[in-house]
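Participant: Structure of the sequence below:
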Amino acid sequence: MQLPVVDAQSPASPKPGSSATPPGSARGQYAVVSLGCPKNLVDTEQMLGRLDQDGYRMVSDVESADFVVVNTCGFIDSAREESLGAIDEMLELKRQGKIRGVVVTGCLAERQQGKLLAARPEIDAMVGVFGRNDIVSVVDRFQSGITEQQQVFRPAPIRPLSDAVRTAVTPRHFAYLKISEGCDRLCTFCAIPKMRGKHYSKPIEQVVDEAKRLGESGVREIVVVAQDTTYYGKDLYGQPRLSDLLLQLDQIETVDWIRLMYFYPMYIDDKLIDTLAGAQRIVPYIDMPLQHASDTMLKRMSRKTTRSSQEEILGRLRERIDSLVMRTTMITGFPGETDDDFQQLLEFTQQQRFEHLGVFTYSVEDDTPAAKLPDRVPPEIAQERMGELMAVQQEIAFDWAESRVGTVDDVIIDAPLPEQDGVWIGRTRAEAPDIDGVVYVSGVDPDEPLTVGSIVPCEIVTANGYDLVAAPLSDS
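Facilitator: From the prediction side, this is the model:
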């Protein structure tokens, strides 16, 4: 298994590849394996920031570390298996004497708590989602020679924890900005409220301050994340205030692009649409996980929406926001899904022509209401439906990619393509980092290379499946 062992590329660090603490004065060296969603990644960065401030030094080579922090995901079966595999791999290194300790944090730690520790007693410490601020004291005790296992699980705080102290593990030019924590939705398939608690928003002033810090540190693209973005502010202000927040974020001149993820299809009113349509820096890209299009399935999932309401929202957004790019996710094989339900989902997908769409097969979560629903769909049927839906989406996505050939668009440069001089990997406003296709920028003079984080006007010259190939304009 290839683990996502990350290396710091933090604005707080003097240079890429260096650390905030010189090697000779470090209290200890650590590596980190960060798994799961961008919201979990923000938690990783916050814990690393605290460790770095306390004098620990992050290294990219696991076997040169004193201890490893594994920040886990516990969302669905595949995510849990990946997290357990990462933990087991680190524990094996501990048995071999290559590292001294393993600290497990995040959603799987929160969800399984004592069960996980009982199954893997060699874990040195478990830190739950809301215990992340205790990471330094946990590591200090371990490093000082105290050998008993530690468990830190705290109740959800009244207000979200600050993310101002961070060591970035993303490239310097983009960062995730978490605006709220937890979720008040009770979707029957989802265990997130059990792991991350009820929805609670950061105050507008706090979010804006964190965004300004990111911009001042060199971040050019901010990706706004939450469990339920459109619900932002309801708990603090008595009504959703996402529009007000975005109006302020849009005024931050040090940031070029602001991208919006995890829109729930509720609380999208004319004010919010007008804000998105008139923004200078908010890119015309919305990630809105819809999960299904059959009214029967939406009701069983407790999504509080219908197919017609989803169609109405999508129509309003597309009509009023120029060149809008939509991403969504769907679930196949939910309990009770009939052939007719699935056909409705296929028809909806063909009708809406989402630029980006991902599909999950239903994963049974023992501590959710859906686990008790009758009429489970056989896994092989769920998998077959996923393949059929993705085949429909692939044709839509490939057609859209072909339609972009010959157009001109700005491309943010993410990295050079390894071992290919003059070719760089980037994205337009239409591609979110890590989950969408990429743009290969070719024809660059090796003697005048592009700069990571620069935004370069390019002409799209060809499409290659989900990806594009572009050439920089001569005057760029």
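Participant: Please identify the buried residues of stretch 212-232?
Facilitator: For stretch 212-232, burial by neighbour count (16 or more other C-beta atoms under 10 Å) applies to 212-215, 219-232. Heads up, the C-betas are built off the backbone N, CA and C, glycines and all.
Participant: Go through the longest helix along the chain and flag the buried ones.
Facilitator: Taking DSSP state H as the criterion, the chain has its longest helix at helix 379-403. By 16+ other C-beta under 10 Å, the buried positions in helix 379-403 come out as 381-382, 385-386, 389-390, 393, 396-397, 400-401.
Participant: Could you pull out the strands in the stretch 251-400 of the chain for me?
Facilitator: Ranges of strands in the stretch 251-400 of the chain, per DSSP state E, counting those that start in this stretch, are 257-260, 282-287, 325-332, 356-361.
Participant: which one of those strands lies closest to residue 411?
Facilitator: With C-beta to C-beta as the criterion, residue 411 lies closest to strand 257-260 of the strands of the stretch 251-400 of the chain, at 11.5 Å.
Participant: For that closest one, the averaged confidence score.
Facilitator: If you average the pLDDT over strand 257-260, you get 98.
Participant: Ok, stretch 146-159 next?
Facilitator: What stretch 146-159 shows for mean pLDDT is 77.
Participant: Export it to PDB, keeping only CA atoms.
Facilitator: Extracted in PDB, the C-alpha atoms of stretch 146-159 (Å, rounded to 0.1, in the frame of the first residue of the first chain):
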ATOM      1  CA  ILE A 146       6.200   7.400  29.900                       C
ATOM      2  CA  THR A 147       5.100   4.100  28.300                       C
ATOM      3  CA  GLU A 148       1.500   3.600  29.300                       C
ATOM      4  CA  GLN A 149      -1.100   4.000  26.500                       C
ATOM      5  CA  GLN A 150      -2.800   7.300  26.300                       C
ATOM      6  CA  GLN A 151      -6.400   8.100  25.200                       C
ATOM      7  CA  VAL A 152      -7.600  11.600  24.700                       C
ATOM      8  CA  PHE A 153     -11.300  12.000  23.700                       C
ATOM      9  CA  ARG A 154     -13.100  15.200  24.400                       C
ATOM     10  CA  PRO A 155     -16.600  16.400  23.800                       C
ATOM     11  CA  ALA A 156     -17.300  18.700  20.900                       C
ATOM     12  CA  PRO A 157     -16.500  22.300  22.000                       C
ATOM     13  CA  ILE A 158     -19.100  25.000  21.900                       C
ATOM     14  CA  ARG A 159     -17.200  26.700  19.200                       C
END
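Participant: Which pLDDT value does the model give the nearest residue to residue 337 once chain neighbours are set aside?
Facilitator: What sits nearest to residue 337 in space, not counting adjacent residues and going by C-beta to C-beta, 6 or more residues apart in numbering, is residue 377, at 5.4 Å. On the pLDDT scale, residue 377 is placed at 97.
Participant: thinking again about what came up before, which of the strands of the stretch 251-400 of the chain sits closest to residue 436?
Facilitator: Here strand 356-361 is closest among the strands of the stretch 251-400 of the chain (C-beta to C-beta), at 5.4 Å.
Participant: for that closest one, packing partners?
Facilitator: Counting contacts by 3 or more C-beta pairs under 8 Å, 6 or more residues apart in numbering; DSSP states H and E, strand 356-361 packs against strand 325-332, helix 379-403.
Participant: For it, output the C-alpha coordinates as PDB.
Facilitator: Taking Å, rounded to 0.1, in the frame of the first residue of the first chain, the C-alpha atoms of strand 356-361 are listed here in PDB:
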ATOM      1  CA  HIS A 356     -17.700  16.100 -12.700                       C
ATOM      2  CA  LEU A 357     -19.400  13.200 -10.900                       C
ATOM      3  CA  GLY A 358     -18.200  10.600  -8.500                       C
ATOM      4  CA  VAL A 359     -20.000   7.400  -7.500                       C
ATOM      5  CA  PHE A 360     -19.900   5.300  -4.300                       C
ATOM      6  CA  THR A 361     -21.600   2.000  -3.700                       C
END
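Participant: on that earlier part again, JSON lines for the strands of the stretch 251-400 of the chain, including distance to residue 244 and mean neighbour count?
Facilitator: Output for the strands of the stretch 251-400 of the chain, formatted as JSON lines (distance: least, C-beta to C-beta, whole Å; neighbours: other C-beta atoms under 10 Å):
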{"stretch": "strand 257-260", "distance to residue 244": "14", "mean neighbour count": "22"}
{"stretch": "strand 282-287", "distance to residue 244": "13", "mean neighbour count": "23"}
{"stretch": "strand 325-332", "distance to residue 244": "24", "mean neighbour count": "22"}
{"stretch": "strand 356-361", "distance to residue 244": "28", "mean neighbour count": "20"}
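Participant: would JSON lines of those strands with distance to residue 408 be doable?
Facilitator: Formatted as JSON lines, the strands of the stretch 251-400 of the chain follow (distance: least, C-beta to C-beta, whole Å):
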{"stretch": "strand 257-260", "distance to residue 408": "17"}
{"stretch": "strand 282-287", "distance to residue 408": "16"}
{"stretch": "strand 325-332", "distance to residue 408": "16"}
{"stretch": "strand 356-361", "distance to residue 408": "21"}
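Participant: now for those, which one comes closest to residue 59?
Facilitator: Nearest to residue 59 among the strands of the stretch 251-400 of the chain is strand 257-260 (30.7 Å), distances taken as C-beta to C-beta.
Participant: Many thanks, have a good one.
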